[in-house]
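Trainee: Whatever this is, show me its structure:
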Amino acid sequence: MRPEGETGAGAEGAPHVALFLPALEGGGAENVMVQLANAFHARGLRVEVLLARAFGPRLAELDPAVPVRELGGRGVLAALPALVAYLRRRRPAALLSTLDHANLVAAWSRALARAPTRLVVRQASDPDRAERPSLAGFAIRRLLGASYRRADHVVVMSEYVRGNMIARRRLAPERVSVVANPVPHARVARLAAEPLDDPWLAAGSGPLVVAAGRLHPVKDYPTLLRAVARAAERAPVRLAVLGDGPERAELEALATALGITERVLFAGFRPNPYPWLARADVVALSSRSEGMPNVLLEAMALGTPVVATDCPGSPRELLDHGRLGKLVPVGDDAAMAGAILAVLAGDRPPAADLEAALGRHEVDAVAQRYLGLLLAPAPAPESATPAAAAERH
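Mentor: As a prediction, this is how the structure comes out:
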C-alpha cells in the first residue's frame, strides 16, 4: 500500500486535489488519471488518489510520492460511506472522478458530505451507448444523468459526446468541456525503445497488425479477426492482441474457426505495450464506440499508422475525418481488411501532420486544462435552472 499522507503529497498550502476511481487497472481511463496525478504532483499540488480497491498494474506507474487511499468495500458503490467521510474530514479543494460507477459515487458523496469540494467528473465515453443493454444498465444511465447535474463540471473526450450531453442530459453548455487525453511523448518513446525478445517481432516474419484493449464486446474483436483472415488471403498478415477480458475464449475459438490460429497471438495484458506499437506495421481499432482511444494516440506518437472504425465517440475527430488515419464503417471486416492492406502498401499520413495534431495532447497542456476546471469558482447549482427543473418533472 502507498503512504496515506494527512493532506496529500505536495507543498504545504498548495491546493489539495483528490482523484477517485475504482482501481488502477490497465485501461485508458486509469492511464489518464495516473498521468494527471503525476502532473499535478510535479506542479506542487497536494494530491491524493482514492481507490475503491487499491490494486491494478497502473499502481506501479504512479509517482511514489503520491499517496493512495483505499476506501474499501467489495465494489465502487460500497465505497460511498468512506468517500463521504473523507470529504467531510479532508475537505479537498477539488475532486476528479472517472468511470460510470465512480462518477455516481463521487456526485452523491459530495452531496451527502455537504463539502465545499468542487467536483469535476470525466465521462470517458458516450453514456447513451452503454455496454450494458439491461434494466440495470438503464437504471445506471438514469442515475448518471442526475449525477452529471450535481457536478460542477463534466469533461468529455469529443465534441460528439459533448453535444449529446448537452442535448440529452440537458446540461448547460458552459458546464461541459472537451479535454484531450494526455500523451507523455518522452515516456512513450523511452518505453518503446526497451528491448523486447519475442518471435512475433522478428524481422521477416510478415506484416504485423497490433490491437490493444480489453477483450470485451464493445471492442468488437470478431470484426478485426475476420478482417485479418481476409487480408491474409493477399498478404502474410499477422495480428497481436494486447489485452485480456471475458471474451478471450470465444475469440480464440473464432480464430480457430477462421483458420488463422497461427497468425494470431493473444498476448494478454502487457504493462509496456509500446515496443509492440512501435514495431507494428499497423495499429487497428475495431470498436463499436469509444471515448478517446489512447492506443491510437500512442501509436501516432510513435509514427505507426492506424486504422480505426468510424464509431460513435472520438475516432473521427482524433483522425481529422480520416486525414490522419484510415476510418472504416463499424462492423465492416471487408473495409477494415482493405484499409490494412492499403496502409501496408504505403498509404499513410505525412509525419508533419501527425506531429502538429499531437501538440494538443502534451501532458502539461492537458494538466493545465484540468486544473483550470478543478480550481475554478463553482457556478450556481444547475438544479436551479429551468431546464433541470423541467427534466425533474
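
Trainee: all helices for the stretch 1-150 of the chain, in order.
Mentor: Assigned by DSSP state H, counting those that start in this stretch, the stretch 1-150 of the chain shows helices spanning 28-42, 80-90, 100-113, 135-150.

Trainee: what does the third one contact?
Mentor: Counting contacts by C-beta atoms under 8 Å, 6 or more residues apart in numbering, the residues outside helix 100-113 that touch it are 20-22, 52, 75-77, 79-80, 83-85, 87-88, 95, 97, 117, 119, 121-123, 127, 140, 143-144, 146-148, 150-151. All C-beta atoms are positioned from the backbone trio N, CA, C, and that covers glycine.

Trainee: cool, the first one as well?
Mentor: The list of residues contacting helix 28-42 from outside it, by C-beta under 8 Å, 6+ apart, reads 9-10, 17, 19, 21, 23-24, 47, 49, 56, 58, 61-63, 65-66, 96, 98-99, 122, 124, 181-182, 184, 213, 291-295, 363-364, 366-367, 370-371.

Trainee: Restricted to strands, list these.
Mentor: Those of the contacts of helix 28-42 mapping onto strands are 17, 19, 21, 47, 49, 96, 98, 122, per DSSP state E.

Trainee: possible to save the residues you listed as CSV with neighbour count?
Mentor: Formatted as CSV, the ones in strands among the contacts of helix 28-42 follow (neighbours: other C-beta atoms under 10 Å):
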residue, neighbour count
17, 28
19, 27
21, 29
47, 30
49, 26
96, 27
98, 25
122, 27
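
Trainee: Make CSV out of the residues you listed and add distance to residue 199 and pLDDT.
Mentor: Converted to CSV, those look like this (distance: C-beta to C-beta, whole Å; pLDDT from 0 to 100):
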residue, distance to residue 199, pLDDT
17, 45, 98
19, 40, 98
21, 36, 96
47, 42, 97
49, 38, 98
96, 42, 98
98, 37, 96
122, 39, 96
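
Trainee: hang on, the earlier thing: and of the helices of the stretch 1-150 of the chain, who's closest to residue 313?
Mentor: helix 28-42 (11.7 Å; C-beta to C-beta).

Trainee: tell me the pLDDT at residue 382?
Mentor: Note for residue 382: predicted pLDDT of 45.

Trainee: same thing with residue 140?
Mentor: Predicted confidence (pLDDT) for residue 140: 65.

Trainee: circling back to that earlier point, would you list the buried entries among the contacts of helix 100-113?
Mentor: 20-22, 52, 76, 79-80, 83-84, 87, 95, 97, 117, 119, 121-123, 127, 140, 143-144, 146-148, 150-151 (16 or more other C-beta atoms under 10 Å).

Trainee: hang on, residue 308 is in a helix, isn't it?
Mentor: No - assigned with DSSP: H, G, I helix; E, B strand; the rest coil, residue 308 falls outside any helix and is strand.

Trainee: Please name the residues that touch residue 189.
Mentor: 301, 302.

Trainee: Would you mind measuring from it to residue 293?
Mentor: 19 Å (C-beta to C-beta, to the nearest Å).

Trainee: returning to that earlier point: can you go through the contacts of helix 28-42 and name the buried ones?
Mentor: 9-10, 17, 19, 21, 23-24, 47, 49, 56, 58, 61-63, 66, 96, 98-99, 122, 124, 181-182, 184, 213, 291-295, 363, 366-367, 370-371.

Trainee: what's the nearest residue to residue 310 if we skip its chain neighbours?
Mentor: Take residue 310 and drop its neighbours on the chain: the residue closest to it by C-beta to C-beta, 6 or more residues apart in numbering is residue 327, 4.3 Å away.
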